[in-house]
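Novice: A predicted structure for the sequence below; I have some questions about it.
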Amino acid sequence: MLGSLRVILFTLVVVGGVVWLQIYLSKRESRWPGLIIPAIQLVLSILATVGSVVYAAVPLESVAVTIAAQAVITFLLSNIPTLISLAIYFVCRDKLRRDKQIEKMNIQDLD
């Protein structure tokens, strides 16, 4: 019981840290740092998909359809964190863009 609680707590801390880091990188002036974590997650999902196809243990009949379905499902499921990171990125970038426009309008009002 105590061991599983530690694992859950550790997982929450790691996920929270990754989300915080994604928000921090997405708010940077340059847009590229915010794309680092989604790129890493995309590469990991591709590796997971390739690994599931390479080590697929399926019967010989209709192997191609089963492996293709397994690859698609693995790719879609392993890209959920990538989509969440990209959503965080676009929300933060949109907020930065709006703030810049408001600042630009305020400067024009002062002139």
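Specialist: Looks like it came in fine.
Novice: okay, now L42: neighbour count?
Specialist: 19 (other CB atoms under 10 Å). Just so you know, the C-beta spots here come from the backbone N, C-alpha and C atoms, and that holds for glycine as well.
Novice: please apply the same query to the one 5 residues further on.
Specialist: Taking other CB under 10 Å as the neighbour definition, L47 ends up with a count of 11.
Novice: quick thing: my sequence starts at 56, can you match it?
Specialist: Happy to do that; since the first residue is 56 now, the last one works out to L102.
Novice: elements contacting the lowest-mean-pLDDT helix or strand in the chain?
Specialist: Every helix and strand of the chain was ranked by mean pLDDT, DSSP states H and E. The lowest is helix 118-133, at a mean of 86. When contacts are defined as 3 or more CB pairs under 8 Å, 6 or more residues apart in numbering; DSSP states H and E, helix 118-133 packs onto helix 91-109.
Novice: tell me the angle of the helix it packs on relative to helix 118-133?
Specialist: 160 degrees (axes from the mean of the first three to the mean of the last three CA atoms, to 10 degrees).
Novice: so for helix 91-109, what gets flagged as buried?
Specialist: 92-93, 96-97, 100, 103-104, 107 (16 or more other CB atoms under 10 Å).
Novice: which helix or which strand is home to K150?
Specialist: Element membership of K150, judged by DSSP states H and E, is helix 135-165.
Novice: check which residues of that helix are buried.
Specialist: Residues of helix 135-165 classed as buried: 136-137, 139-141, 143-144, 147, 151 (neighbour count, 16+ other CB under 10 Å).
Novice: circling back to that earlier point, with the buried residues of helix 91-109 in mind, which one is nearest to M56?
Specialist: For the buried residues of helix 91-109, the residue nearest M56 by CB to CB is A103; the value is 30.2 Å.
Novice: wouldn't the closest one be in contact with I128 here?
Specialist: No: using CB atoms under 8 Å, A103 is not in contact with I128, being 11.0 Å away.
Novice: for S85, phi and psi?
Specialist: The phi/psi pair for S85 (degrees, to the nearest 10) reads phi -80, psi 150.
Novice: show the pLDDT at it.
Specialist: S85 is assigned 90 on the pLDDT scale.
Novice: what's the neighbour count on it?
Specialist: Other residues lying near S85 total 8 when counted by other CB under 10 Å.
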